[in-house]
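J.: no FASTA, just this:
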C-alpha cells in the first residue's frame, strides 16, 4: 500500500515522497523503497541509500560560523512590557540578545533573556525534535493485532525535554487508520486486544509429545544426518 513520507522526510524542495516497506518474517529483515521528487528531480531507491546519498544537500546544517543579526521584536513584544526594540545575533555556537525596554538597554544570551522575561520557547521546540528513522519502521509484528495487514510507525525524540512521540499508519480488517500510536491503541483497545484474543488460558490447551520422533525420512533433505521433531497439539482448537 505504501505511505506518504513528505512530512517525515522533511526535505526542503521535496514535492513528492511515497515509501513502501516489506518485512521478512523468516529473517526479521526490513526493507524500504521510496519514490521522491526534490527540486523537480525524480528519484527512487532504497530509503536508507537515498538518504545517505543526498545527506549533504537534503540535511545540510543551516547555521553559520560567522553568524547573523536578526530582529526579534515581533517574537517577544507580547512578553516584554514597553519593549522598544529587540535584536539578536546567532551563530553555530552563540546566541546573544540586545533589547531596549522602558528606555533601558538589556542584553544577555538567548536562554538568559528567555528566562528573565518568562518567554516560552515553543517556537524553538521544533529544533529539538529528532526522528529516530526518517523512513519509519514496520510495526505489524510488534502491534500483534488480529486482522492487521499494514502498520508503519514513525518515532520522534525531543532532545530538549526527553519526550517521545509516535505516529502510525495502520490497516485493520481493510480499514485504513492513522494517528498517535498510543491514542490509536487506546481507542481500539476493546476490539484489538479483547479478552478472546489473549492467550492466557490457551496455554492450558497445549499438549506436547515429549518423546518426539525421527523426521529424517519426512524431511528428505540432502546432506541431513540428523532430524528429531517434537509436536505440540492444542486440544481446544485442534491446532498443531
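T.: Happy to help now that I have it. Quick caveat: nothing in here was measured; it's all calculated off a predicted structure.

J.: lowest average confidence, helix or strand, in this protein?
T.: In the chain, no helix or strand scores lower on mean pLDDT, DSSP states H and E than helix 122-125, which sits at a mean of 50.

J.: Give me the next element, helix or strand, following the helix or strand harbouring residue 169.
T.: Here residue 169, judged by DSSP states H and E, is contained in strand 164-172. Using DSSP H and E, the next helix or strand after strand 164-172 towards the C-terminus is strand 175-180.

J.: Residue 184: how many residues sit nearby?
T.: For residue 184, the tally of surrounding residues (other C-beta atoms under 10 Å) stands at 22. Backbone N, C-alpha and C define where each C-beta goes, glycine included.

J.: With residue 232 instead?
T.: Using other C-beta under 10 Å, residue 232 is surrounded by 11 other residues.

J.: Same question for residue 86.
T.: 21.

J.: three-state assignment of it?
T.: Following DSSP: H, G, I helix; E, B strand; the rest coil, residue 86 is assigned to strand.

J.: so what's it scoring on pLDDT?
T.: On pLDDT, residue 86 comes in at 95.

J.: Pop the domain breakdown of the chain in here.
T.: Each structural domain of the chain that the record assigns through automatic domain parsing is listed here as a residue range: 3-59+130-192, 68-120, 201-234.

J.: Could you export the ones you listed as CSV, including distance to residue 240?
T.: Conversion of the domains of the chain to CSV gives the following (distance: least, C-beta to C-beta, whole Å):
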stretch, distance to residue 240
domain 3-59+130-192, 19
domain 68-120, 61
domain 201-234, 5
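
J.: quick revisit: now the strand holding residue 169 against strand 175-180, angle please.
T.: Here strand 164-172 runs at an angle of 170 degrees relative to strand 175-180 (axes from the mean of the first three to the mean of the last three C-alpha atoms, to 10 degrees).
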